[in-house]
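A.B. asks: predicted structure and sequence below. I'll ask about it afterward.
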Amino acid sequence: MFPPEIEREREAMYQARAAGIEGRARVCARRAAGQALRLRYGAGGAPGNAYDWAVWASHAAELPEAVRAAAQRLAARVLPGGRPAFDEDPLADAELILRHCLGAAGPLTRE
């Protein structure tokens, strides 16, 4: 189980998808991923919102390419008409980032 604030966002993203509210699902996915990135890489409680952390991760050379690409897609603005800029599933992108940052059972600590 992930930290409660991340679990809430994960649940909200799946509920939004089930309700057909893809924009909300994407926002919740970005928030869950951003919180995980901040938890893993934000030494000393570094500031920034989920979008800021997704942008940071999309350029962070120390992260695996798959994580950078997922972060880039989550940070991308939607196209006119509300269409996503990428075809990949934002919920899958968030889950990839969560697994990278937190593993399967919870937060990893940086030594």
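C.D. replies: Everything's here; your move.
A.B. asks: going forward, measure contacts between C-alpha atoms and count neighbours the same way
C.D. replies: Will do.
A.B. asks: spatially central residue for the chain, please.
C.D. replies: By C-alpha atoms, centre = their mean, the chain has its centre lying nearest to residue 33, at 2.1 Å.
A.B. asks: what sits against that one?
C.D. replies: 50, 54, 94-95, 97-98 (C-alpha atoms under 8 Å, 6 or more residues apart in numbering).
A.B. asks: go with 7 Å
C.D. replies: By C-alpha atoms under 7 Å, 6 or more residues apart in numbering, residue 33 lies in contact with 94, 97-98.
A.B. asks: hey, C-alpha coordinates of stretch 60-80 in PDB?
C.D. replies: Written as PDB, here are the backbone C-alpha positions of stretch 60-80 (Å, rounded to 0.1, in the frame of the first residue of the first chain):
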ATOM      1  CA  ALA A  60      16.100  14.400 -15.100                       C
ATOM      2  CA  ALA A  61      19.000  12.500 -16.600                       C
ATOM      3  CA  GLU A  62      19.300  10.200 -13.500                       C
ATOM      4  CA  LEU A  63      15.900   8.700 -14.100                       C
ATOM      5  CA  PRO A  64      15.300   5.800 -16.500                       C
ATOM      6  CA  GLU A  65      14.200   6.700 -20.000                       C
ATOM      7  CA  ALA A  66      10.800   5.100 -19.500                       C
ATOM      8  CA  VAL A  67      10.100   7.200 -16.300                       C
ATOM      9  CA  ARG A  68      11.200  10.400 -18.100                       C
ATOM     10  CA  ALA A  69       8.900   9.600 -21.000                       C
ATOM     11  CA  ALA A  70       6.000   8.900 -18.700                       C
ATOM     12  CA  ALA A  71       6.600  12.100 -16.900                       C
ATOM     13  CA  GLN A  72       6.800  14.000 -20.100                       C
ATOM     14  CA  ARG A  73       3.400  12.700 -21.200                       C
ATOM     15  CA  LEU A  74       1.800  13.500 -17.900                       C
ATOM     16  CA  ALA A  75       3.200  17.100 -18.000                       C
ATOM     17  CA  ALA A  76       2.000  17.600 -21.600                       C
ATOM     18  CA  ARG A  77      -0.800  20.000 -22.200                       C
ATOM     19  CA  VAL A  78      -3.900  18.700 -23.900                       C
ATOM     20  CA  LEU A  79      -4.500  19.700 -27.500                       C
ATOM     21  CA  PRO A  80      -7.300  21.900 -28.700                       C
END
